[in-house]
Structure formats: structure tokens, C-alpha cells
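[1] Got a predicted model here, sequence first, then my questions.
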Amino acid sequence: MSDLDLTRLGPIVIQRVGAFFAWWGNELAAVVKSCLPARLGFDRDIVWITLKENSAVVFNGREQDHAVEIDFDPVHPEHQASQVREIVGSSETNGRVGLILSPDSVLRPTIKLPIAAAENLREVIGFEMDRHTPFREAEVFYDFRVRNTDRQASQLIVEVAASPRETIDRRLAITTAWGLAVESIAVADDDVGDGTPFNLLSGTASMRPRSSLRRLIAAEIALICALAAVAVLLPIMQKRDALATARAELAIIREEAAAVGDLRDQILALSGTIKFLIDEKKTRPLAVAVLNEITRILPDGTWLSDLNWEGSDLYIAGFSDQPSSLIGALEASPIFSEARFHAPVTAAPELEKQRFDIALVVTPGEERQ
């Protein structure tokens, strides 16, 4: 084939290959969309299991109104295992299984973070976990979603769902004994709104790839092999002149310089976020420390009915035999200051006590030192 024929063939091949990639991209988008979880409610392509104290409730995501409750048999535990496996096997979910947690076993704090934390949100939330829950990151399974972005305050409003690792490990031990691999853990009363449902297994190594996604990956590998074969069979290689080479090299240098600039900006943003979080942990006591100090100070016969912590202001309300003695005890604490009654003390005849409402200030760490 002459050089002239190759020159004429080049644009035709490029046009055909471009059309093929356009078709393939549309098909790939459709397949990926079918693999994504539903935005509202439970995933319809999963068999969901709720483990109760003495039974398990099982239902297909496509038939949520047809739940089956299976009682536990301590003498013959293999009976309920075979029943659950039969339901999973008879569904059209390719063996996909998920767990649903009751609301009382999940903590749902809403936290505010700087917008700069958006690119490393999971790491930042894990670092902040012990400030908003009684647990460290290693002690919980958790997921999150950004509920709102306050551009004016440069803050992200993030909703977090966390459950103790011990609670979930017990449930996973049961499903593992049944021969099932759980790929999703949802919350029963999850108000999704415009977000995505919580999956407390997200970000963990325990999530297994879906069969449809595995097929998609295999198809991509096959396509890459086919394109490599085409590249070998059609070696349409043209010499470029010195000016074209120089322009290409200059474009690469510009892209690398832009990438370095972007990386520098990310490092600066992340450094600011980390410094903010470290300063916050140094200057503000942990919620656990505040609760422990209040418990230590309050005398016997005194209990709280309300506790509200807003910034450095702490409001407590409850019942006591001698509310007036609480002000001095709170003022003597190294953590608290400016203790005062927020409302008049009132009698509670039905409890034979007096109701109090006290406001105080949580002293920053630097002032305590």
C-alpha cells in the first residue's frame, strides 16, 4: 500500500474509531447506571435481612411488602440458615445480601467542617469521630453524606451514621455462619432526601465487587486487548516535523506545571484543614471529659433532664434537693466558669425536688493551662 493510500485511509479510520468510541461510551454509561444503588429507599437488587433478638426478617428489595420472619432455633440452628439461603437463592439478586440496622443501634451526629475538607472527607470525619461520638474511628463502622454546603460560612454540613464495630461484627458472624457475604449495611429509618442511602460498609475492605461490575471490567479488558490488536494490525505511523514535536513537548510541560500547581494548592488546603482540626482538639475538651466532670460534680439525689452544648456555652437542667449548692461546685471545676442560673428555680412536688436550669461556659484548653 502506498504512502498516498495511507494518507487517505487515516481520516477514514479515525472517523470510524471515533464513532465506535461514541457508541461504546453510551453503552458503558447505561451499564454503569444500572450498577449504581437506588437513590431512594433500599436497593431493589439485594435481599435484605434484619436480625432481631430471636428471629430474622428477610425480604427481597423488589418485594418489600412480602417479608418473611424466621425464628431462631437454638437446638437446630441449621434450619434457619437453610431457610435464609433458600430465600436468597430463589431471588433474582445474584446472591447479593444486605443487613438493616435498627435506629437504636446507630449514632447519627450532624457535624460542620470546612469546605477545604471536602477532598479528604472520610479521613477528616474519622479523625473527628471521638469528638462527636463516644468511639474512636477504629471502633465503628460508619458512612456519611453531605447534607448541605454553606458557601457564605465556607462550611460543609455532613450527616454521619456510625455503629459500634462490636454490634456489626456480631451480625456479620451470624450471616457468615449462614454462608452469606454481606455487601451493604443500611439504617432502617434512613431519610435519604436528595442524598444516597447510608452503607456502613462503604470504604471497608469487606465490600465485594458486584457481579455486573466484574462483567463490566472483563468487557473493558477484552476491549483493550482488541484495540491493542487493531493498533498492531494497523500501524498508521506518520513522521512529525520538528515544530509539531516541539509543540507537543511544550503542551506536556504545561500540563505537568499545571498538575504541580494543583497539587501544591491541595497540600496547602489539607495543611490548613489539619491545623484547624488539631487546634480544635487542643482548645476544646472532649464531650466525654465534659460529661465525666458533670457526673463527678453533681451530688447524689441530683440528675439531669437536659444538656445542650453550643460552642463554649453549656446549658444543663434537671432536679436536685439543693440546686443553690450546684453553682459553687461547678465554678470550682477547672473545666467550667461563669456558672449561673439560666431560669428561676421551681418546685417539683411530684418528685419532692426542685427543678434548676443552669448556664455555664466551657473553658478552652489554653485558659485551663
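    Ah, there it is.
[2] Would you indicate which residues of the longest strand along the chain are buried?
    Counting by DSSP state E, the longest strand found in the chain is strand 336-348. If you call a residue buried by 16 or more other CB atoms under 10 Å, then strand 336-348 has these buried ones: 336, 339. C-beta coordinates here come from the backbone N, C-alpha and C atoms, glycine included.
[3] same thing with stretch 128-144?
    Buried residues in stretch 128-144 (16+ other CB under 10 Å): 128, 129, 130, 131, 133, 135, 137, 140, 141, 142, 143, 144.
[4] separation between the residue nearest the centre of the chain and residue 185?
    For the chain, residue 143 is the residue whose C-alpha lies nearest the centre (CA atoms, centre = their mean; 2.1 Å). With distances taken as CB to CB, to the nearest Å, residue 143 is found 8 Å from residue 185.
[5] again, but for residue 133
    17 Å.
[6] and residue 317, what pLDDT?
    With respect to pLDDT, residue 317 scores 92.
[7] Give me the buried positions along the strand or helix carrying it.
    Per DSSP states H and E, residue 317 falls inside strand 313-320. Of all the residues in strand 313-320, those buried under the rule 16+ other CB under 10 Å are 314, 316, 317, 318, 319, 320.
[8] So what sits opposite the third one in the bridge?
    According to DSSP bridges, residue 306, residue 357 are recorded as the beta-bridge partners of residue 317.
[9] Can you tell me the SS state at the closest residue to residue 68 other than its chain neighbours?
    Spatial nearest neighbour of residue 68, excluding adjacent residues (CB to CB, 6 or more residues apart in numbering): residue 58 at 5.1 Å. Under DSSP: H, G, I helix; E, B strand; the rest coil, residue 58 falls in the strand class.
[10] thinking again about what came up before, helix, strand, or coil at the residue nearest to the centre of the chain?
    strand.
[11] if I pick the spatially closest residue to it that is not a sequence neighbour, what's in contact with it?
    Spatial nearest neighbour of residue 143, excluding adjacent residues (CB to CB, 6+ apart): residue 198 at 4.6 Å. Residues counted as contacts of residue 198 (CB atoms under 8 Å, 6 or more residues apart in numbering) are 143, 145, 161, 186, 187, 190.
[12] Surely the fifth one touches residue 160?
    In this case it means residue 187. No - judged on CB atoms under 8 Å, residue 187 makes no contact with residue 160 at a distance of 11.3 Å.
[13] Name the residues contacting each of the two.
    Counting by CB under 8 Å, 6+ apart, the residues touching both residue 187 and residue 160 are residue 108.
[14] Which parts of the stretch 51-200 of the chain are helices?
    Secondary structure of the stretch 51-200 of the chain by DSSP state H, counting those that start in this stretch: the helices cover 77-90, 121-132, 165-177.
[15] So for residue 203, which of those sits nearest?
    Evaluated over the helices of the stretch 51-200 of the chain, closeness to residue 203 peaks at helix 121-132, with 5.7 Å, by CB to CB.
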